[in-house]
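Novice: Take a look and give me a structure for this.
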Amino acid sequence: MFIGPVNRLRARGFTLLEITLAVAILASMAIAIYRFVQANVTSVRVSAETTEIDARYGGLRDLLTAQWQTLPGSQRSLVGEPYKFSGRSRDEIKWVCASGPGLLTRYAPGDFVVTMRLQSPSKKSDRLDLGFLRVPKDDTGGSNADKTWVPLIENIDSMQIRYFDPRLNGWVERWLEGGRLPRLVKLTITPADGTAPWEIVVPLGRNPY
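Specialist: Predicted coordinates:
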């Protein structure tokens, strides 16, 4: 009986170079997936923050529109003064109203003077917040106990308010007219984070023209 030579196959493993290349490819894929997920998470977070900010400003616009369009044209129902501190506009506007949108409550007794202004949350803070300062109209003593501060939007750099006077056919920086309301009120609010200013024009009549 003749038995020919038998070729034995030797088991062959991966070389170090092949393992290194495979690890490098897996690492590159992992980095690409991580960056893709991170970019999407950042985009979602920024979009959510932008939506929240837009909602705040949109709510303020709707509140002011509803309030100012119901103001009577009586004596000094709305007045505004320009102020500037450290080169930043900190204009203020005041109006008289009863309970409702302007006071952010339905249960306030009597009339109140509401001032929309920028104010620091504390004496030690440099931050400015936009809000309403509410004071009873008949508070002649100036008691701080009757004042209420309602913050609306945090961290504002400046606020500029302008009033459209139809007699001048132009914008003025203050409004002290006794029995007359401006046709339009324009607000330019600049956030302190460097984002673009927010600007609206509020008509003080349902048909401003």
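Novice: low pLDDT regions in the protein?
Specialist: 1-14, 46-50, 52-53, 73-76, 101-102, 140-145, 178, 205-209 (pLDDT under 70).
Novice: Which residue, neighbours along the chain excluded, lies closest to Glu173?
Specialist: Excluding the flanking residues, the one nearest Glu173 by Cβ to Cβ, 6 or more residues apart in numbering is Pro82, at 4.5 Å. Any C-beta I mention is one placed from the backbone N, CA and C, and that applies to glycine too.
Novice: and that neighbour, how many residues sit next to it?
Specialist: Using other Cβ atoms under 10 Å, Pro82 has 15 neighbouring residues.
Novice: ok, it to Thr148 distance?
Specialist: From Pro82 across to Thr148, the span is 25 Å (Cβ to Cβ, to the nearest Å).
Novice: hmm, who's touching the strand ranked longest in the chain?
Specialist: Assignment by DSSP state E gives strand 156-165 as the longest strand of the chain. Residues from elsewhere that reach strand 156-165, judged by Cβ atoms under 8 Å, 6 or more residues apart in numbering: 80, 82, 88-93, 117-118, 128-130, 170-175, 182-192.
Novice: Can you tell me which of those residues are buried?
Specialist: 80, 88-93, 117-118, 128-130, 175, 182-185, 187, 189-191 (16 or more other Cβ atoms under 10 Å).
Novice: any idea whether Thr65 is helix, strand or coil?
Specialist: In three-state terms, and counting by DSSP: H, G, I helix; E, B strand; the rest coil, Thr65 is helix.
Novice: partners of the nearest residue to it once chain neighbours are set aside in the sheet?
Specialist: Sequence neighbours aside, Val202 is the residue nearest to Thr65 in space, at 5.3 Å (criterion: Cβ to Cβ, 6+ apart). As for beta bridges, Val202 partners with Val185 under DSSP bridges.
Novice: Could you count how many residues lie near Val202?
Specialist: What Val202 shows, counting by other Cβ under 10 Å, is a neighbour count of 19.
Novice: didn't it look like it was pressed against Leu184?
Specialist: Yes: with contact taken as Cβ atoms under 8 Å, Val202 and Leu184 are classed as touching, separated by 6.9 Å.
Novice: From Gly170, how far out is the residue nearest to Ile161 when sequence neighbours are not counted?
Specialist: Nearest-residue entry for Ile161: Asp91, 4.1 Å, with adjacent residues in sequence omitted and distances by Cβ to Cβ, 6+ apart. Per Cβ to Cβ, Asp91 is found 17 Å from Gly170.
Novice: Many thanks, have a good one.
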